[in-house]
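[1] Provide a 3D model corresponding to the input given below.
(2 chains)
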Amino acid sequence: MAITDEIFDFPNFPIEKQLFYTPGTSSAGGFTTGGARIMTYEPGGFAHLDIQPAMQVNEWDYPETSWLMSQGSGKILRVRLAPTPQIAGGRSTNDGVPWDNNSPWSNGQNWMGDLALTFGAVSLKGTSKVTVDTAAYGAIFSRGHLIGHKHSAYMINKVTALGGSKYQLDVSPPVRANIAVGDNAFNRPYFTGQIANQNDILATYDADMAGLIQMPKITLMEVIINE
Amino acid sequence: MSDFYTTLDQYYGPADSIDDIRVVSRPLWFYDFNGAPLHIWKGQGTLITSDNQEWLGTVGPNGNDYHTAPAIQDGRDGTSATYEFSLEIPQLPDQDVRETYEQLKAEQWRVNGRSLWCYMAIFKVDEALRISTPYIAFKELTMFSPKFSEKIESNDGKSLQRKYVISVTTKDANFGRWKKPNGTYTDTMQKRRAAELGIALDRGCEFVATLANRTYTLP
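    This is a model prediction of the structure:
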């Protein structure tokens, strides 16, 4: 039984906070000598994404929040991650106009932009090591940054320099789709998931409001896209 | 010794204290439904074994396992325990749970008499979901009656939720040993059975008569 489903783009609206994390789980059991309870780590795991939207303005004209609050029934959403410290090489170091001030009117200025990175080696689906060629950007990745391929985002757990501009990254969760040499590596990845806290994200409108609405924190859980 | 146990031994090491043990092992299940084989494992995400087989993880992102498997005996005592495996139909996007449930109900003829294989896989450090050590089989069970149940559960008193669970009853290879034989162990009967099967002469039981009325001492 194959399930095909439409993937919706998450609305591109101002946010206050965002966190990508891969908690995984642990499992009781494993092999013990004397009935000792041992917790073993979960080899797989799913990624989570928390988003705290900023105060939304102009909801009268673009009721994106209204739409988003209705997507809790397992709809698959694709989120372009916002530039936060988790995004490598994102913040420009020269003196730009500080428009990235966490205000609702942040326009993303000071954001250096999407870097043209590629993967430098093959990684098979299910493995946890990828090789990225950072070209002229140098050693921009460190532990805690994210790397993206196709629909998925990965947390970098370890960086090993391979010489030249190539770096091997240990990532979690495991790679969801086969990576070929030359595939685009996103320093600002996409996350594909479902809203997990449907009941918590509802916020009601005032009838006489000016079009401002503050939406509670949204938690998304990863969905694996099989290709 | 198989690769599985060699690797297990490596990880087990001297095991002087329980802190020494660093083995991550998970069960894998292969439901050989007629025409619709199903490979699943107890974990999150899609597992790929060294034979390139993909196994679907039964644990959801929030940590609950949709698949329930009982603890399995090794069966050396000769008894044939009954095991029940069940799966709660998960909520899938744009997929009506009840419809899936009804569809599965209509296909229950695929179950009876088919095998359910239980395997074990070992995960080395850094291997993630593509493992290199071959997995080993530790039990083959035979599936019998599928069962379908629906129940309404209260979600913390806030809302009611209908849950659909499918399960199969299985028995191991000891099943059926209590059945009485369909024939008598004599030369005449053996020859008659052979004739029925179209074999001209079966002398396999000619020695039976000589065994009567003799005393045997077991060494």
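[2] please count neighbours and contacts with C-alpha atoms only from this point.
    OK.
[3] low-scoring stretches of chain A, by residue?
    A:1-4, A:24-39, A:90-113 (pLDDT under 70).
[4] quick check, the residue in it closest to chain B?
    A:G126 (4.3 Å; C-alpha to the nearest C-alpha).
[5] secondary structure element holding that residue?
    Under DSSP states H and E, no helix or strand contains A:G126.
[6] and what of the one 4 residues further on?
    Counting by DSSP H and E, the element that carries A:V130 is strand A:129-133.
[7] if we look at that strand, which residues are touching it?
    A:117-123, A:165-171, A:175, A:185 (C-alpha atoms under 8 Å, 6 or more residues apart in numbering or on different chains).
[8] can you check stretch A:199-217 too?
    Counting by C-alpha under 8 Å, 6+ apart, A:50-60, A:65, A:69, A:218 sit against stretch A:199-217.
[9] pLDDT wise, what is B:P146 at?
    What the model reports as pLDDT for B:P146 is 90.
[10] pretty sure it sits against B:A106.
    No. Distance between B:P146 and B:A106: 11.3 Å, which falls outside the contact criterion (C-alpha atoms under 8 Å).
[11] more crowded one of the two?
    B:P146 (19 against 10; other C-alpha atoms under 10 Å in any protein chain shown).
[12] surely that one is within a strand?
    Yes. Applying DSSP: H, G, I helix; E, B strand; the rest coil, one finds B:P146 inside a strand.
[13] how far away is it from chain A?
    In this view, B:P146 and chain A are 19 Å apart by C-alpha to the nearest C-alpha, to the nearest Å.
[14] mind listing the residues bridging to that residue?
    On the basis of DSSP bridges, B:P146 takes part in beta bridges with B:V168.
[15] mind listing what the helix or strand harbouring A:T160 pairs with, with the direction of each?
    Taking DSSP H and E as the criterion, A:T160 maps to strand A:152-161. If you go by DSSP bridges, strand A:152-161 pairs up with strand A:146-149 (antiparallel), strand A:166-172 (antiparallel).
[16] for that strand, C-alpha coordinates in CSV please.
    Provided in CSV are the C-alpha atoms of strand A:152-161 (Å, rounded to 0.1, in the frame of the first residue of the first chain):
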residue,chain,number,x,y,z
SER,A,152,15.6,16.9,5.3
ALA,A,153,17.7,18.7,7.8
TYR,A,154,20.5,17.1,9.9
MET,A,155,22.2,18.1,13.1
ILE,A,156,26.0,18.0,12.8
ASN,A,157,27.6,16.1,15.7
LYS,A,158,31.2,16.0,14.6
VAL,A,159,33.3,17.6,12.0
THR,A,160,36.4,16.0,10.6
ALA,A,161,38.6,17.8,8.1
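[17] didn't A:Q86 look like it was pressed against A:R143?
    No. The criterion here is C-alpha under 8 Å, and A:Q86 misses it with A:R143 at 9.5 Å.
[18] show the model's pLDDT score for the residue of chain B found nearest chain A.
    Residue nearest to chain A within chain B: B:L129 (4.3 Å; C-alpha to the nearest C-alpha). Reported pLDDT at B:L129 in the predicted model: 90.
[19] spit out the contact partners of it.
    Counted by C-alpha under 8 Å, 6+ apart, B:L129 has contacts A:43-44, A:126-128, A:174, B:45-48.
[20] give me the nearest residue to it, chain neighbours excluded.
    Leaving aside its chain neighbours, B:L129 sits nearest to A:G126 (4.3 Å; criterion: C-alpha to C-alpha, 6 or more residues apart in numbering or on different chains).
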